[in-house]
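Undergrad: Need the 3D shape of this:
(2 chains)
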Amino acid sequence: MKTVLNSKIALLCCLLLVASCGNAPQQTTTISQIGQIIDQLGPSEPGPTTTQIRASLTPEVMAQFGNAALKVAAIEKPPLSSVLIGVGQNGDVETFTTPDGVSFSFRNGMLVATRGLGADLMTADTGASLRAIRAGQGAGVVRIHRYLDGEDQIIVRSFVCTIRRDQNTMLRESCQSPSFAFENTYQIGPQGGIVGSRQWVSPERGYLSVEDIRN
Amino acid sequence: MSSVLSLIASQVIAQERPLSYSTYGTLGLIDMPTAQSAPDAEIATTLSYFAGSTRGTLSFQISPRLSGSFRYTKIDDWSRSTGEATFDRSFDLRYVLANEGRYHPAIAIGLQDFVGTGIYSAEYLVATKNLGTDLAITAGIGWGRLGSDRGFDNPFVVFGDQFETRPTSRNKRGGQIESARWFRGDAALFGGVSWAATDRLTLKAEVSSDDYVQERADGRELFDRDTPLNFGVDFEISDGAHLQGYYMHGSEFGVAATFRTNPRFPAVNGGAGSAPVPIRPRTAAASADLVTSDRIRSATQQQTAALLAADGMELEAMRVTARTATVHIRNMRYIGRAEAIGRTARILTQTLPMQISQFTIVPMENGIPLSAITLRRADLEELEFAPDGAWQSYVRADISDASSTLTETVYADDIYPRFRWSLSPFAEGSYFDPDGPVRLDFGLALQAQYDIAPGLILEGRVQQKLVGNRDESTRNDPSTLPRVRSDANIYARADTALRRLTLAKYGRPGPDLYGRVTFGYLETMFFGASAELLWKPVNSSLAFGVEVNEVRQREFDQGFELQDYQVTTGHGTLYYQFDNGLLAQVSAGRYLAGDWGSTLALDRTFGNGWRVGAYATFTDVPFDDFGEGSFDKGLRIRVPLQHYVGRPSTRVSSINIQPILRDGGARLNVNDRLYESLRTYHNPELRRGWGRFWR
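TA: Below you'll find the model as predicted:
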């Protein structure tokens, strides 16, 4: 990451605090945060792949999740995979979370928000893209993303996209802005909905690959 | 497409190629300044050594064009009689008059050491032009120290004969702005080039106009200045950390290290704190008896408290009526206050019965309500994923005074009374003593707080020193004033110290009014009573506070005993928070030594918890009686831990740099002054940080 050295300095500064004890609440949060930094700095075990996760989701395991809607997801930067569990629905937006508290929200299968990744996609205006995907094609389609900058101000990034059908069940959305370019792909299921996709999150996080799990 | 991306990436890097700092810790060549500006808000710490001169400099890019520096210097062999080193503090300012254009260079004007004792006193006008992305050429004209080699008659003589000679400093104590010397006397030309050979390696060469007259004077002779040419190499060993090496004046090698950081660029934008609880939208209305049942009400309250606790907040009190709910929370995790409000709102959609259509969220500190944010449940449901949901939710929220929100409220079970304690290591430093510029103590601090009732808090802190050398200071600078601060080194000798033991009452005397009374061992050096009243409408940028203290000096051992000196001290303070984050404070009143005067403080505050500021106090104590430094002044920086760890935390490290601790213009250090506890829960700060509402 950008400030590994800074983190190390911060870590050294904070090591003093590790030895703290007491029942005042601020102390405990700091200790757990330091544990997280150590995790980040140390060599981390490679996590399971999406294939391994999918294989582990037997009907018995899915029943343990209360038969909630499930997805398997992988983020590009850093490369991590996880199962996603449906935790909420607000209108046509479904929210899924990983067991360790990162959430992804989809409107009709299109990613509209992430939380807990860092450099999160705060909102995405995907209305025009969705119409073009349903039509099977489109050009000059505008897509607007919002992010937080380092001072917690909302920054707006807008993209112009072209949508075309690649194979019968695959759609490609190529988007560009003066600073960034990305290409999302959507796998269309038999009912016409998006069942799998690879969608761009942010410059820092790259793409999210996500796939529905059906019982 | 990947080629497009990589092209874009390389352009970004080219624009962000870091600039190099000089031995003076300002953007520059080797000794000479340039007209460059650092990225807005960059903070750079530089330590350099060359021929007996050690300089430690803290530079801050105050605004895109204005930068300021504080420097602490040691020059060896300074005293001709004893050969002792001298220690000197200096302040610089640089303003970019014109940014670089396609054909014209950037032009800057600078004042070096403009309030110190004047050893480094110099002024300059300098121009820098980039040729391509790698090469920067600088040329300038300097006065004072920067006009000391190959000087010529001052061209400003056309404006008057007074520019012909530079008056000698009349100021032996330092600290006075000697504008009568600026741009006077001989001028000289300087210049140089810097070449960014790679992204991490920069080579520099300059022609210096500094003759090092004082360092090379008879009896000091710190080095031979064979040529005005200096050469340097700057290597960025990791992001923000630079090492430099120099070959200077044909005779000496020098080294420097610079560490850069920028409050605007945290480890992770927006932080990587866990996802919030999602909104639970209402379905068909449930039966009406849900709300009126006490049992269900209590279950709702417990459920809310549990979800808040999981998000690092505490439920202090709650009131539920047929259609509305008022929830009082303590936020112990989020410096982004809007995030605490937004998370609480989402939790309430999960726990509150469907008929409740309006939430009022009241952040609390020290048992008093700070502001009341009222949100319509329908708006929350509608805006959770709305593209412009942050701003729309701000517009639809009602932010108002919270003084009457506690009526008929039900306090959570385990909130009052409650005892909390912690035992943790501490480090404490004393700086700028010429006999030992840095002294440190380490030990254990036992801190305890007993919340007796809402707003009534008994609090204490005891420190036990384990190792350290702060007690080695034997300085006893004479002072014509009561020794209210200059005995700090004697207080530092206490191994076991009762730092604070206070009983405090906080309250809301009326709308827009906040009050505090604190009694006991208020701080290291004073015991007594302190009372404060603050007027701050929630949506006002302006606030006004009055504080009165009756205090008596504590015994040096920091036990329970007191000394004879007693004083009534207090201030009226006007606060103004600008929309861009600038915070101005003007205080007037009576200081600890009984002197009357005023303090001006300016801070640049960042929504993410950073803060960089400076203050100066002028009292009726004549500069001669004040002693070294002439008046009290200092710098302060607050560094939020979350900037580095990328997870939300309210923990902040404070760095206070007070170059000279004297008795004039000294203020009482009482804990939990009111304005700071509520500033970020009020506008304009709440609005500025509202982007985190849906984080």
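Undergrad: Distance-wise, check the closest residue to residue B:561 other than its chain neighbours relative to residue B:563.
TA: Sequence neighbours aside, residue B:555 is the residue nearest to residue B:561 in space, at 3.8 Å (criterion: Cβ to Cβ, 6 or more residues apart in numbering or on different chains). Quick note: C-beta positions are derived from backbone N, CA and C, even for glycine. From residue B:555 over to residue B:563 the distance is 6 Å, taken as Cβ to Cβ, to the nearest Å.
Undergrad: Then residue A:121?
TA: From residue A:121 across to residue B:563, the span is 61 Å (Cβ to Cβ).
Undergrad: which ones are touching residue A:136?
TA: Listed by Cβ atoms under 8 Å, 6 or more residues apart in numbering or on different chains, the contact partners of residue A:136 are A:163, A:165, A:171.
Undergrad: quick one: which of these is nearest residue B:67?
TA: residue A:163 (48.1 Å; Cβ to Cβ).
Undergrad: which residues touch that closest one?
TA: A:129, A:132-133, A:136-139, A:141, A:171-174.
Undergrad: same thing with residue B:380?
TA: If you count contacts by Cβ under 8 Å, 6+ apart, residue B:380 has them with B:279, B:345-346, B:349, B:359, B:393.
Undergrad: pretty sure it belongs to a helix, no?
TA: Yes. Assessed by DSSP: H, G, I helix; E, B strand; the rest coil, residue B:380 belongs to a helix.
Undergrad: In chain B, which residue sits nearest chain A?
TA: residue B:422 (2.8 Å; Cβ to the nearest Cβ).
Undergrad: remind me, longest strand of chain B?
TA: Ranked by number of residues, the top strand in chain B under DSSP state E is strand B:436-453.
Undergrad: is chain A contacted by that one?
TA: Yes. Using Cβ under 8 Å from any Cβ of the partner chain, strand B:436-453 reaches chain A at B:447, B:449.
Undergrad: What residues of the very next helix or strand once past that strand count as buried?
TA: Later in the chain than strand B:436-453, the nearest helix or strand by DSSP states H and E is strand B:456-468. Within strand B:456-468, the residues that count as buried by 16 or more other Cβ atoms under 10 Å in any protein chain shown are B:456-463, B:465, B:468.
Undergrad: what do you get for stretch B:303-317?
TA: By 16+ other Cβ under 10 Å, the buried positions in stretch B:303-317 come out as B:304-305, B:307-308, B:311-317.
Undergrad: now stretch B:566-574
TA: For stretch B:566-574, the neighbour count (16+ other Cβ under 10 Å) marks B:567, B:569-571, B:573 as buried.
Undergrad: give me every residue that touches whichever residue of chain A sits closest to chain B.
TA: Taking Cβ to the nearest Cβ as the measure, chain A has residue A:22 as its residue closest to chain B, at 2.8 Å. When contacts are counted by Cβ under 8 Å, 6+ apart, residue A:22 touches B:420-424, B:447.
Undergrad: any chance you could read off phi and psi for it?
TA: phi 140, psi -180 (degrees, to the nearest 10).
Undergrad: Show me the beta-bridge partners of the residue nearest to it when sequence neighbours are not counted.
TA: Leaving aside its chain neighbours, residue A:22 sits nearest to residue B:422 (2.8 Å; criterion: Cβ to Cβ, 6+ apart). For residue B:422, the beta-bridge partners under DSSP bridges are residue A:22, residue B:447.
Undergrad: which SS class is the closest residue to residue A:158 other than its chain neighbours?
TA: Leaving aside its sequence neighbours, residue A:158 sits nearest to residue A:144 (Cβ to Cβ, 6+ apart; 4.7 Å). Under three-state DSSP, residue A:144 falls in the strand class.
Undergrad: was I right about residue A:144 contacting residue A:155?
TA: No. Between residue A:144 and residue A:155 there is no contact under Cβ atoms under 8 Å: 11.2 Å.
Undergrad: tell me how far the ends of stretch B:160-168 are from each other?
TA: From its first residue to its last, stretch B:160-168 covers 18 Å (Cα to Cα, to the nearest Å).
Undergrad: Check whether residue B:135 really touches residue B:197, as I assumed.
TA: No. Residue B:135 is beyond contact range of residue B:197, at 10.2 Å (criterion: Cβ under 8 Å).
Undergrad: more neighbours, residue A:121 and residue B:563?
TA: Ranked by neighbour count (other Cβ atoms under 10 Å in any protein chain shown), residue A:121 and residue B:563 place residue A:121 first, with 24 against 15.
Undergrad: hang on, that one in a helix?
TA: No. Assignment of residue A:121 by three-state DSSP gives coil, placing it outside any helix.
Undergrad: Check whether it really touches residue A:145, as I assumed.
TA: Yes. With contacts counted by Cβ under 8 Å, residue A:121 reaches residue A:145, the gap being 6.0 Å.
Undergrad: intersection of neighbour lists for these two?
TA: residue A:202.
Undergrad: where in chain B is pLDDT low?
TA: Scanning chain B for pLDDT under 70 picks out B:1-17, B:116-117, B:169-175, B:284-292.
Undergrad: Show me the residue at the heart of it, geometrically.
TA: residue B:637 (2.3 Å; Cα atoms, centre = their mean).
Undergrad: That residue and residue B:643, how far apart?
TA: From residue B:637 to residue B:643 the distance is 12 Å (Cβ to Cβ).
Undergrad: Report the set of residues contacting both of these two.
TA: Counting by Cβ under 8 Å, 6+ apart, the contacts common to residue B:637 and residue B:643 are residue B:610.
Undergrad: one step back: just the ones of the contacts of residue B:380 in strands?
TA: Members of these lying in strands (criterion: DSSP E): residue B:359.
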